[in-house]
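J.: no sequence on this one, just coordinates:
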């Protein structure tokens, strides 16, 4: 059974129907009250702590903060070594790139599950991310329809309604991509009935969720288009069902090639190729704007693996004091995108899940490789006089005597890391501690391998850890009897 098609006339009628249903209004009010009371105080405190501490391992830092919070201990934020004198803009980038994606995932999961114990729920979710840093399989949550409101404001919108067979609840994510200044945020604001004449560039990730009916909604991922921020785009590709790519139609001829290069690299990414794609040429109200036909002639040949790509012109410009009304061409673009997504929803959802699983496996592999590299470097720093000099020079390893324990203190530290008494340490554990030179961070990593913070991570046996450390010492050429 195919979704019922809707005309532009129907969309405008739905938009003019300013008030959402009582049931939906009640849901929104309850959600706002829930977040204000139970979520905002915890999340805002956590973000403040992360900005102050600037930890290298953000998930672990969040867990430590939440554990302190759970025990009702006053948590004094620790100021990171690199924070003093850091420009405000750089802090914003750190927030957007390092903190934002994790917090956004947490908040989305909280909104879906509405846990009574928010702190415990956040700890469990972070532990899952440590091993499997991916959005959970599609819940019943987002799909295209006439959005009566977003989760934070009851603003009318102009999205097309979608009817599913058996009234199934759907969760559709749409990536909104394009270079900085193309008008991505302006277009989304227009859909929400908002107008901000002083709109600022999006730094990082801005999720925009719109209710489409009582059982469906759509979540747009508004991703900043700045050069640095584009590096995080691929962190969201696996999780989306379709793409809206916004092009600035006024891009000068001398800059259009760079725009085309980013477009080609993006839409042909493994996780986006073959997914529904609509291209919006914004700023068509400017005299210098390239026509839709010109844009299509330039950009269409760059799309290698996606069928049914369509190009639309539009203008997200709103005159001061004018009523905000979505450009009908934007409505038409969304109609076509949602039609394609719904026609292939189950296949796209399966792909989202498989792409997410693959990305999770890649992230785990990267994490393991990173832990191995750090452990190897710390062993090298503890045995800097006997380790391979070429490796020492290539990786700029330096001795860190302040971070090397005595044998007695090192064993006590390792025992505390794995929650045992020092007297209970097995001989092989003591040998492992000696093999890493009682280096503090190396002992911390070993403790994490033996007793991981995440319950989802499989603990390693001492024999396995011993074999790993021995292998790293062999690679480093460390000269020492390994009894």
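T.: Thanks, I have it. Small disclaimer: the values here were computed from a predicted structure and weren't measured.
J.: Could you break this structure into its assigned domains?
T.: Domain assignment for the chain by automatic domain parsing gives 12-131, 165-353, 356-476.
J.: Worst mean pLDDT among those domains?
T.: In terms of mean pLDDT, the lowest-scoring of the domains of the chain is domain 12-131 (a mean of 74).
J.: what about the residue nearest the centre of the chain, which SS state?
T.: With distances taken as C-alpha atoms, centre = their mean, residue 101 lies nearest the centre of the chain, 3.3 Å away. Classification of residue 101 using DSSP: H, G, I helix; E, B strand; the rest coil returns helix.
J.: Just the element for residue 245, please.
T.: Residue 245 belongs to strand 242-248 when assigned by DSSP states H and E.
J.: Name the residues of the helix or strand just after that strand that are buried.
T.: As assigned by DSSP H and E, the chain's next helix or strand after strand 242-248 is helix 253-267. Going by neighbour count (16 or more other C-beta atoms under 10 Å), the buried part of helix 253-267 is 256, 259, 260, 262, 263, 266, 267. Every residue, glycine included, has its C-beta placed from N, CA and C.
J.: Packing partners of helix 253-267?
T.: strand 242-248, helix 292-299 (3 or more C-beta pairs under 8 Å, 6 or more residues apart in numbering; DSSP states H and E).
J.: quick one: strands adjacent to the shortest one?
T.: Strand 242-248 has the following strand partners under DSSP bridges: strand 170-177 (parallel), strand 277-282 (parallel).
J.: Distance to residue 119 and mean neighbour count added to those, as JSON lines?
T.: What follows is those, written out as JSON lines (distance: least, C-beta to C-beta, whole Å; neighbours: other C-beta atoms under 10 Å):
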{"stretch": "strand 170-177", "distance to residue 119": "25", "mean neighbour count": "24"}
{"stretch": "strand 277-282", "distance to residue 119": "40", "mean neighbour count": "26"}
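J.: Of all the ones you listed, which one is nearest residue 448?
T.: strand 170-177 (32.5 Å; C-beta to C-beta).
J.: what about the strands in the chain?
T.: 170-177, 205-211, 216-223, 242-248, 277-282, 310-313 (DSSP state E).
J.: Between those, which one is closest to residue 391.
T.: strand 205-211 (37.9 Å).
J.: dump the residue contacts of residue 468.
T.: Counting by C-beta atoms under 8 Å, 6 or more residues apart in numbering, residue 468 touches 372, 375, 449, 460.
J.: change it to 7 Å
T.: Applying C-beta atoms under 7 Å, 6 or more residues apart in numbering to residue 468 gives no contacts.
J.: same thing with residue 50?
T.: Residue 50 neighbours (C-beta under 7 Å, 6+ apart): 58, 61, 99.
J.: For the closest residue to residue 330 other than its chain neighbours, give me its contacts.
T.: Counting by C-beta to C-beta, 6 or more residues apart in numbering, residue 314 is the residue found nearest to residue 330 once chain neighbours are left out, at 5.0 Å. Listed by C-beta under 7 Å, 6+ apart, the contact set of residue 314 reads 280, 282, 284, 327, 329, 330.
J.: Show me which pair in the residues you listed is furthest apart.
T.: Taking C-beta to C-beta, the two most distant members of the contacts of residue 314 are 284 and 330; they sit 11.1 Å apart.
J.: okay, these two: which has more neighbours?
T.: Under the criterion of other C-beta atoms under 10 Å, the comparison of residue 284 against residue 330 puts residue 330 first, with 24 against 21.
J.: so where do the helices sit in the stretch 1-150 of the chain?
T.: 8-16, 22-34, 40-53, 58-70, 88-94, 100-113, 118-131 (DSSP state H, counting those that start in this stretch).
J.: Output those helices as a markdown table; include the columns distance to residue 336.
T.: Output for these, formatted as a markdown table (distance: least, C-beta to C-beta, whole Å):
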| stretch | distance to residue 336 |
| --- | --- |
| helix 8-16 | 12 |
| helix 22-34 | 26 |
| helix 40-53 | 37 |
| helix 58-70 | 39 |
| helix 88-94 | 35 |
| helix 100-113 | 27 |
| helix 118-131 | 35 |
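J.: List just the one of those helices that sits closest to residue 412.
T.: Judging those by C-beta to C-beta, what sits closest to residue 412 is helix 58-70, at 20.6 Å.
J.: what angle do that closest one and helix 40-53 make?
T.: Counting by axes from the mean of the first three to the mean of the last three C-alpha atoms, to 10 degrees, helix 58-70 lies at 130 degrees to helix 40-53.
J.: Mind listing what's buried along helix 58-70?
T.: For helix 58-70, a neighbour-count test (16+ other C-beta under 10 Å) marks 58, 59, 61, 62, 63, 64, 65, 66, 69 as buried.
J.: what residues are up against the nearest residue to the fourth one once chain neighbours are set aside?
T.: Closest residue to residue 62 in three dimensions, ignoring its sequence neighbours and counting by C-beta to C-beta, 6+ apart: residue 126, at 5.4 Å. Each residue near residue 126 by C-beta under 7 Å, 6+ apart is listed here: 59, 62, 63.
J.: CSV for those, including distance to residue 181?
T.: Putting the contacts of residue 126 into CSV (distance: C-beta to C-beta, whole Å) gives the following:
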residue, distance to residue 181
59, 33
62, 33
63, 38
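J.: Out of those, which comes closest to residue 394?
T.: Looking across those and measuring by C-beta to C-beta, the closest to residue 394 is residue 59, at 29.7 Å.
J.: correct me, but the closest one touches residue 129?
T.: Yes: counting by C-beta atoms under 7 Å, residue 129 is a contact partner of residue 59 at 5.8 Å.
J.: Between those two, which contacts overlap?
T.: With C-beta under 7 Å, 6+ apart, residue 59 and residue 129 have common neighbours residue 102.
J.: count of residues packed around residue 98?
T.: Residue 98, neighbours per other C-beta under 10 Å, totals 17.
J.: in terms of contact, does it touch residue 58 like I think?
T.: Yes: counting by C-beta under 7 Å, residue 58 is a contact partner of residue 98 at 6.0 Å.
J.: What's the local residue count around residue 464?
T.: 12.
J.: pretty sure the residue nearest to the centre of the chain is in contact with residue 236, am I right?
T.: No: using C-beta under 7 Å, residue 101 makes no contact with residue 236, being 8.1 Å away.
J.: Now do residue 67 against residue 307, distance only.
T.: Per C-beta to C-beta, to the nearest Å, residue 67 is found 50 Å from residue 307.
J.: Check residue 94 too.
T.: Counting by C-beta to C-beta - residue 94 and residue 307 are separated by 40 Å.
J.: Just want to know which of these two has more residues nearby.
T.: residue 94 (19 against 9).
J.: quick one: buried residues of stretch 381-393?
T.: Buried residues in stretch 381-393 (16+ other C-beta under 10 Å): 381, 382, 383, 384, 387, 392.
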